[in-house]
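Asks: what's the 3D shape of this:
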Amino acid sequence: MDMFEKVEKLREKANVSYEEAKEALERSNGDILDAMILLEKEGKTKKGGAESYSTKYDAGKELERFKNCEEKQERRERAKENCRTFGEKLKSLLKKSTENFLVIERKGERILKLPILAMVLILIFAWYAAIIAIIVSLFMGCKYSFEGEEDFKKANDVCDKAEDIAASVKDKVVDEYNKL
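Replies: Residues are numbered from 1 along each chain as shown. Okay, here's the model as predicted:
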């Protein structure tokens with residue numbers, strides 16, 4: 001085998017340049033194996049695009065996969081629990097909204113007893129008409145209150161204040177009208 005063939009073979013196997021292969025062969029008196037060992041010791045050999053596969057069991061990688069799987073499972077369980085609690089809260093809210101009522105009275109006579117759910121739906125879909133109706137009814141002497149299983153003391157206090165404000169505004173308007 002001539003020098004060029006040896007350089008070519010060493011260059012392919014060690015994945016080095018022609019110059020590095022020739023120099024290594026010259027230093028090892030033309031022996032390809034010695035030249036290859038010399039290049040490896042000097043750290044000049046480069047890994048090519050070759051891939052390798054090992055069947056060696058890597059416990060660290062397996063443990064990492066197991067941890068990732070456990071974390072995914074925990075996230076799924078938390079999401080399911082959150083959905084359950086959200087569903088339960090929504091169910092409880094709907095139940096409370098049908099067991100508690102908005103009551104409208106005028107001169108001590110009950111005009112309307114409306115479930116809170118219906119009131120909320122009216123406010124959502126016809127808020128403009130509902131607000132006008134509430135304001136007009138307050139000036140006509142209607143009284144709003146809440147009743148049911150829940151404690152509506154604070155809400156009823158707000159309704160009473162709104163009634164008082166509407167009555168005072170009504171009285172002022174009537175007084176001004178009578179002055180004219």
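Asks: Give me the neighbour count for the nearest residue to Gly148 once chain neighbours are set aside.
Replies: Leaving aside its sequence neighbours, Gly148 sits nearest to Asn100 (Cβ to Cβ, 6 or more residues apart in numbering; 3.0 Å). Placement of C-beta: from N, CA and C, glycine included. Residues near Asn100, counting by other Cβ atoms under 10 Å, number 18.
Asks: Distance of Asn100 relative to Lys172?
Replies: Look at Asn100 and Lys172: by Cβ to Cβ, to the nearest Å, they are 34 Å apart.
Asks: wait, isn't the residue nearest to Gly148 in contact with Ala155?
Replies: No. The criterion here is Cβ atoms under 8 Å, and Asn100 misses it with Ala155 at 9.8 Å.
Asks: Need the overlap of contacts for these two.
Replies: Shared contacts of Asn100 and Ala155 (Cβ atoms under 8 Å, 6 or more residues apart in numbering): Phe146.
Asks: Just the element for the residue sitting nearest the centre point of the chain, please.
Replies: Geometric centre of the chain, nearest residue: Ala79, 10.3 Å, by Cα atoms, centre = their mean. Using DSSP states H and E, Ala79 sits within helix 59-99.
Asks: and Arg110, what are its bridge partners?
Replies: Beta bridges link Arg110 to Glu105 when assigned by DSSP bridges.
Asks: For burial, what's the neighbour tally of it?
Replies: Counted with other Cβ under 10 Å, the neighbours of Arg110 add up to 9.
Asks: Look up the pLDDT of it for me, please.
Replies: Note on Arg110: pLDDT of 92.
Asks: go on, Lys161?
Replies: Per-residue confidence at Lys161 stands at 91 (pLDDT).
Asks: do you know how far it is from Cys142?
Replies: Separation of Lys161 from Cys142 (Cβ to Cβ): 15 Å.
Asks: quick one: average confidence on the helix holding Ala79?
Replies: 81.
Asks: any idea how far that helix is from the chain center?
Replies: Mean-position distance between helix 59-99 and its chain equals 13 Å (Cα atoms, centre = their mean, to the nearest Å).
Asks: who does that helix touch, helix- and strand-wise?
Replies: Packing partners of helix 59-99 (3 or more Cβ pairs under 8 Å, 6 or more residues apart in numbering; DSSP states H and E): helix 116-125.
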